[in-house]
Structure formats: C-alpha cells, structure tokens
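Visitor: Below are the sequence and a predicted model; questions follow.
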Amino acid sequence: MGPILLALALAVLAWVLVVGDLVRRHRPVWHWYLVGYPLTVCRVLATWRKVALLNDLAVSRRPPRGLLGDLVVKGDPLRPITPRMSFPRVTRMGLRVMVRLHAGQTPATYMKAADALVHAWKVHAVRVTSPERGLVLLTATATDPLQRPGLAMAPAELLCALIGVLESGGAWVMNLRLVPHWLIAGATRSGKSTLLARLITQLAPQSVALVGIDCKGGMELGLFAGRLSALATCRREAVAVLSALAVDMQDRMSACRAAGVRSIWELPEKLRPVPVVVIVDEIAELYLSDGTRESKAEAEQCSTLLLRLAQLGAALGLHLVVAGQRVGSDLGPGVTALRAQLGGRICHRVNDPGTAEMTLGDLNKDAVAVAQSITAEERGVAVCTGPDGGWSRARSHLTPTEEAVSTARKHAAMTPDLPAITRALAVLEGESK
C-alpha cells in the first residue's frame, strides 16, 4: 500500500501544480487571491522588522546620542522600535499596507526603501503615498499589468475614452468632461501615435466633432479624414481653423449668456452645440519659425489662438489634445503658457530630460524620474496624471492602423459639419489659387 499511496500523492500534487499553472496564466486574478496573496502576506509580516531595521525605518525611544564625560557619543539604538503596520489588505492585483510614522519621520524615507520592500516581498513594485499627515500607504503590485494589458471597463459617457490599463490594473480613461485639455509627449516610436489612434477610435462613435491639425502634411491624422470635421495640414491652414474656432467660441459664449447659464452643458439639449475635440499632432510645427516676418506672424497667431481656446474652451465644449515629440520653452514663451492650461499630462519615452520635466515637472517630480526610466522596448507605456492630481504608469491598448481607419470610415456619417471652419478653409483655398 505504501508505493500506491506515494504514487497517488504524487499524482495529486502534479494535478494541483498543472491546474495552478493554468489558473495563473489564464485567470491571474483568481490565482492572486487564492495563492499569491496569502504567500505575500506571510512575507510582509515575516520581513517587516528586518527591512525596517536595515533601511532606517525603525527608531529608538531615546535619541541615539549620549554623554560620556565631556564627549557626545553617537551610535545606533540597541533596541529600535519598528513602525506600526496594519494588516495587509488585498486588492485586485496586489495589497495595501498602512504604516504610522514615528515622530520626525517623513514619507521620503519610505520612498528610498521602496526597492528594498520590492525584493523582500517579491512583488513587482511598491508605491509610497501619504493619504494624511502621520500615515504612509504602501501599495504593492504583484505583477506588471502593463505586460499584457487586457481590455478594462470604462463608463460609456460622452467625451469619455478608454485608452488602456493603469499600473494598478484599472482602466486608463481620458474623460474630457473632467479634464478638458491634455498634453501628450513622446519620442518617435514611443506609442504616441498609437494613443492618438486609440483616442480617435473611441471618440468616433460619439456625437462629437473631431478637428485635426497635422502639419506633417496630414500623414498621421489624414488616415482618419473621413471622421474629421476639418483637417489642417500646414500652419497656414491651422491658423484658419483655429481662427474659425475662436469665432465659434464667441457664438457659444453669446448663446450661454442669452440663456443665463455658465456652460453649454447647462443649455437644453436641443440648443446645445456639438462638442469639439481639437487634436494637434506635433505642436512644434506650429511654434517654430524660419525667421521671416510671415512665419513669425503665423507662429504668434497659432500660439495666441491655442491659448485662448485652452483658457476659455472648457465650459464651451471646446477641448484640446496637444501632442509633440519635443515640448520645451525653447519653442517660445507661448508653449509654457499653454502648458499651464493643459491639466491632463501623458509622457511616453522621451529623448531629453527637459521634455519630461516640461510635461510632468510642475505636477510631480517623482513622475519625471519614472517617465525617464521608460525603455525603448516598452512601447505604449507612459506616465499619466489622473483627475485627483496623482500619477500612474499606464499602457495604451494597441489599436492597429487598419482597425482605426475602419472605425473612422464606419462612423463617417456621424461627422458634424462646422460651417465656420469650412468657410475659412474655402477662402484660404481660393486665395492660394
């Protein structure tokens, strides 16, 4: 009976391992709840004191200094006290631990110890935040959800686009009603064009007008011309389109003032003008000048018009999504002023630290360092800001060009007509002839 029982036990063990591997690969969330979380909790509880001691998180009741005659002796405390830690609470793909700071401690100490916690707990990443004074929240992510971003769920709302997945495993959503204007930075082949294609694919079925400004001859946004209410392929056309939008903005202001409301969203649905999303690909082409008077005048006009739309457009249903490989103050003072109005920030891999600083530096210094750590192999990975003022790593869903073009053509009949822009481009075409 002994060999039979041993063989049976080995068979059961092999079956458990096979089933566990299948669950881990095909149902990672279930595997985390059933296996990963209990094991990680044991590691957290077993290693907390040692990690706290090695990374200067523990303190002594007495100061580490004493008098020996006329000498001040400084040394490490013999009986340090580790910070009080809550029991790890499970999340969808990780866990959270709340730690109470000792008097005199700051969250910066825990940020320095984040890598040590990653190795001790054997998790993918540990984020350190401070929800309130005296407390630190350690958020551990078990695996990298950006390696295989699945389709997350997002609310089906107007001007709401599901872009991809966040590092936490949640949905990465661009809600233009909450954050009306966005700045997207990224080097060549970093995933910026894929993100714009994903955005257009998500907005195409909605009752919104899409206006494209692509001064690279329309090579990028021209693929979606069937769903665009207007497309400017050079800076001269961009000036005409932006000028027409500024005139339309004045009309919307008049309508709101006549109705006694503060935004178009308070107007009756029959009187509400269609929302307009202006997508600018390669912002540098609008600001750079060759030194001629005409070129300088066009660049200044573009700068002024974009700034006006950003300052006044949110309540009037006019939204900006500005993208560029290089975003810096060297493009002109108007870029810095425009950036201040673009509350949403997305930074892919960039070629210079200045662009990451320009995109995220005024919001969070830690986000700048994370953005600069994105490698060339991580296409589509970016650091994005949220409506709560925080930031997160995220990855956009890969939308093939054929699928994006097909979606734009499918919903071409929904393209709203913007008469002011159509007339402006017609006049410009007549002048060029």
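Guide: All right, it came through fine. Residues are numbered from 1 along each chain as shown.

Visitor: Look up which helix or strand C384 falls in, please.
Guide: strand 381-385 (DSSP states H and E).

Visitor: Give me the helices and strands touching that strand, please.
Guide: Judged by 3 or more C-beta pairs under 8 Å, 6 or more residues apart in numbering; DSSP states H and E, the packing partners of strand 381-385 are strand 344-347, helix 365-372, strand 391-396. Where C-beta positions appear, they are placed from N, C-alpha and C, glycine not excepted.

Visitor: among those, which is the most enclosed?
Guide: strand 344-347 (a mean of 26; mean count of other C-beta atoms under 10 Å).

Visitor: CA atoms of it as PDB?
Guide: Taking Å, rounded to 0.1, in the frame of the first residue of the first chain, the C-alpha atoms of strand 344-347 are listed here in PDB:
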ATOM      1  CA  GLY A 344      -4.000  66.300 -18.300                       C
ATOM      2  CA  ARG A 345      -0.500  65.100 -18.900                       C
ATOM      3  CA  ILE A 346       0.800  62.000 -20.600                       C
ATOM      4  CA  CYS A 347       4.500  61.400 -21.100                       C
END
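
Visitor: Using CSV, write down the CA coordinates of the helix or strand following it.
Guide: Downstream of strand 344-347, the first helix or strand assigned by DSSP H and E is helix 353-360. C-alpha atoms of helix 353-360 as CSV (Å, rounded to 0.1, in the frame of the first residue of the first chain):
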residue,chain,number,x,y,z
PRO,A,353,15.0,65.2,-19.7
GLY,A,354,13.7,68.7,-20.5
THR,A,355,10.6,67.3,-22.2
ALA,A,356,9.7,65.0,-19.3
GLU,A,357,10.3,68.0,-16.9
MET,A,358,8.2,70.2,-19.1
THR,A,359,5.4,67.7,-19.2
LEU,A,360,5.3,66.5,-15.6
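
Visitor: Tell me, how many residues neighbour S373?
Guide: 13 (other C-beta atoms under 10 Å).

Visitor: Roughly how far does it sit from A125?
Guide: As for S373, its distance to A125 is 12 Å (criterion: C-beta to C-beta, to the nearest Å).

Visitor: List just the one of the helices and strands packed on strand 381-385 that sits closest to S193.
Guide: Closest to S193 of these, according to C-beta to C-beta: strand 391-396, at 10.3 Å.

Visitor: ok, the closest one: who's next to it in the sheet?
Guide: Each strand paired with strand 391-396, and its direction, by DSSP bridges: strand 160-166 (antiparallel), strand 381-385 (antiparallel).

Visitor: mind listing what the residue lying closest to A356 once chain neighbours are set aside touches?
Guide: Leaving out its chain neighbours, the residue that sits closest to A356 by C-beta to C-beta, 6 or more residues apart in numbering is A371, at 4.5 Å. A371 sits next to C347, H348, R349, V350, A356, T359, L360, A382, V383 when contact means C-beta atoms under 8 Å, 6 or more residues apart in numbering.

Visitor: now, which of these sits nearest G186?
Guide: Of the contacts of A371, the one sitting nearest to G186 (C-beta to C-beta) turns out to be H348, at 3.1 Å.

Visitor: On the pLDDT front, check the residue nearest to that closest one when sequence neighbours are not counted for me.
Guide: Counting by C-beta to C-beta, 6+ apart, H348 lies nearest to G186, which is 3.1 Å off, once chain neighbours are set aside. Looking at G186, its pLDDT reads 90.

Visitor: do the same with the one 3 residues further on
Guide: Confidence at R189, expressed as pLDDT, is 86.

Visitor: Around it, how many other residues sit close by?
Guide: 12.

Visitor: What is the neighbour count of the residue nearest to H348?
Guide: By the measure other C-beta under 10 Å, the count of residues near G186 is 30.

Visitor: My understanding was that it contacts T194; is that so?
Guide: No - counting by C-beta atoms under 8 Å, G186 sits too far from T194 to count as a contact (9.6 Å).

Visitor: Secondary structure element holding L183?
Guide: With DSSP H and E as the criterion, L183 is inside strand 182-185.

Visitor: Packing partners of that strand?
Guide: helix 192-203, strand 318-324, strand 344-347, helix 353-360.

Visitor: Please compute how far the longest one lies from its chain's middle.
Guide: Averaged C-alpha coordinates place helix 192-203 at 14 Å from its chain's average position (C-alpha atoms, centre = their mean, to the nearest Å).

Visitor: ok, residues contacting that helix?
Guide: With C-beta under 8 Å, 6+ apart, helix 192-203 has contacts from 159, 161-164, 174, 184-186, 210, 220-221, 224, 227, 277, 279, 281, 321, 323, 325, 346, 348, 379-380, 382, 396-399, 401, 403-404, 407-408.

Visitor: Nice, that's everything, thank you.
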